[in-house]
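K.L.:
I need the structure of the sequence given here:
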Amino acid sequence: MPKKVSLNVKCPFCNKTLMDEGHLINNKRSIRILIETAEHKKGTIWLSSIYGDYNYTCDLKIPEDDVAIMSCPQCKKELNRSKVTCDVCAAPIVSFTCSVGGRVSICSRAGCKNHYVVFENLDTAVRKFYDEYGYN
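P.N.:
Presented below is the predicted three-dimensional model:
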């Protein structure tokens, strides 16, 4: 059975954690983000921190195909990257800083499953990744 990797992410602006100890998804800490729908409804979304898992909970209904604006709950800065768009649907990409060195990026369109991790320094990131997650 493949090992599930739970990523730890921070805001790329204020460098504070986005991890929510009090809201678990699949028995792991979730990623807490403020969200605003195209209809200007505001709420909170909790994303699964397990890479490749699309589970989430949200305190408001997000219409399918809606492009959401996501923000840091601490500094309130918008995480959507206006100059970086999804290769699948052309919506803005939302990025977080990853604890192992690099960036975790997800699509801002509800229903699009495009996501990826980009490492700053692959050698350092792989070493940290193995140390943190115990791969041999």
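K.L.:
Touching stretch 26-41 from outside, list them.
P.N.:
Here stretch 26-41 makes contact (C-beta atoms under 8 Å, 6 or more residues apart in numbering) with 4, 6, 9, 18-21, 23-24, 42-50, 53, 55-58, 60, 62-63, 66-73, 76, 79, 94, 96. Just so you know, the C-beta spots here come from the backbone N, C-alpha and C atoms, and that holds for glycine as well.
K.L.:
buried sites along stretch 56-68?
P.N.:
58, 62, 66-68 (16 or more other C-beta atoms under 10 Å).
K.L.:
returning to that earlier point: now a PyMOL select for only the buried ones of the contacts of stretch 26-41.
P.N.:
Selection of buried members from those for PyMOL, criterion 16+ other C-beta under 10 Å:
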select buried, resi 6+9+18+19+20+45+46+47+48+49+50+58+62+66+67+68+69+70+71+72+79+94+96
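K.L.:
Out of the buried residues of stretch 56-68, which sit inside strands?
P.N.:
Cys58 (DSSP state E).
K.L.:
Sweet, I'm off.
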